[in-house]
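Asker: Need coordinates for the following:
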Amino acid sequence: MTSSLRFRAGLVSIVLLAAFLGIWHLATRSTAPVATMSPEYAKLMGLTATQGKSAMPGPLDVGAKLWEHLKRPFYDNGPNDKGLGIQLAYSIARVGTGYLLAVLVAIPLGFLIGMSPLLSKALDPFIQVLKPISPLAWMPLALYTIKDSSVSAIFVIFICSIWPMLLNTVFGVASVRKEWINVARTLEVGTIRRAFTVILPAAAPTILTGMRISIGIAWLVIVAAEMLVGGTGIGYFVWNEWNNLSITNVIIAILLIGIVGMLLDQILARFTRMVTFPE
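Answerer: Numbers count the residues shown, from 1 in each chain. Sure thing, here's the model as predicted:
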């Protein structure tokens, strides 16, 4: 039954993708009449004006350009001309650093808050005030105090990643069945050992769900942050190519952002399934 469902779902996905590519191709075909003008003026105006070509590239144009990038993903011709592999590596490194720092802070703090009703009540107002603040709102303050654009981007990733992990950890720890904790206390299991042998396994699915939400938010935010700080990264690549009016490269970058985001999400989803067990 499961294999049949997966096969049918995959078939539907392929049909939808083919339909989307077909509509995209038809919508970007050359339909306007060819204009007659001098060769110098035609070279200046480009194919959009001279051959009636759509300003939006079609799937074949995007595919050809993507293949060029895939053949040389790590070239480096200067500050504003680096391969997509290098740009993605910078973004993933920033996300990974900020995300890991958030893990080191959010999960231990979430354990403490979840195990202590006093801390939960005391810190809840601060969490509720800080949580809704847009991560990008911290960027000017980070740039002013840190004075380093790359570190500021990592700080923004840290800020946006910490809240889903923290809240899910608090919820997961606080929701552990009281019967299990009482049994551990009856057996005179110490607080630290109880946290690792009883509470952590029970709360792990909820904690990893928070981590999965956080990695998605972090990958969203890094693109916008890199557009602001510039220099390197896939977000800067998108903004730089837009300034160069290279819509083909913008579409390729959008596609790669989605693929990398999906892979990061699936990695965390796999870990979540590994620690989820039927009660």
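
Asker: Show me the helices in the chain, by range?
Answerer: 2-27, 39-45, 47-50, 59-71, 84-115, 117-130, 139-146, 149-174, 178-186, 191-194, 200-229, 234-243, 247-275 (DSSP state H).

Asker: so which of those gets nearest residue 77?
Answerer: helix 84-115 (10.7 Å; C-beta to C-beta). C-beta here means a position set from N, CA and C on the backbone, and glycine is covered the same way.

Asker: now the helices of the chain as JSON lines including mean neighbour count?
Answerer: Shown next, in JSON lines, are the helices of the chain (neighbours: other C-beta atoms under 10 Å):
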{"stretch": "helix 2-27", "mean neighbour count": "10"}
{"stretch": "helix 39-45", "mean neighbour count": "11"}
{"stretch": "helix 47-50", "mean neighbour count": "14"}
{"stretch": "helix 59-71", "mean neighbour count": "14"}
{"stretch": "helix 84-115", "mean neighbour count": "20"}
{"stretch": "helix 117-130", "mean neighbour count": "12"}
{"stretch": "helix 139-146", "mean neighbour count": "14"}
{"stretch": "helix 149-174", "mean neighbour count": "24"}
{"stretch": "helix 178-186", "mean neighbour count": "12"}
{"stretch": "helix 191-194", "mean neighbour count": "12"}
{"stretch": "helix 200-229", "mean neighbour count": "21"}
{"stretch": "helix 234-243", "mean neighbour count": "20"}
{"stretch": "helix 247-275", "mean neighbour count": "15"}
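
Asker: mind putting those in CSV, distance to residue 77 included?
Answerer: Shown next, in CSV, are the helices of the chain (distance: least, C-beta to C-beta, whole Å):
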stretch, distance to residue 77
helix 2-27, 31
helix 39-45, 24
helix 47-50, 25
helix 59-71, 13
helix 84-115, 11
helix 117-130, 42
helix 139-146, 27
helix 149-174, 21
helix 178-186, 60
helix 191-194, 54
helix 200-229, 19
helix 234-243, 13
helix 247-275, 14
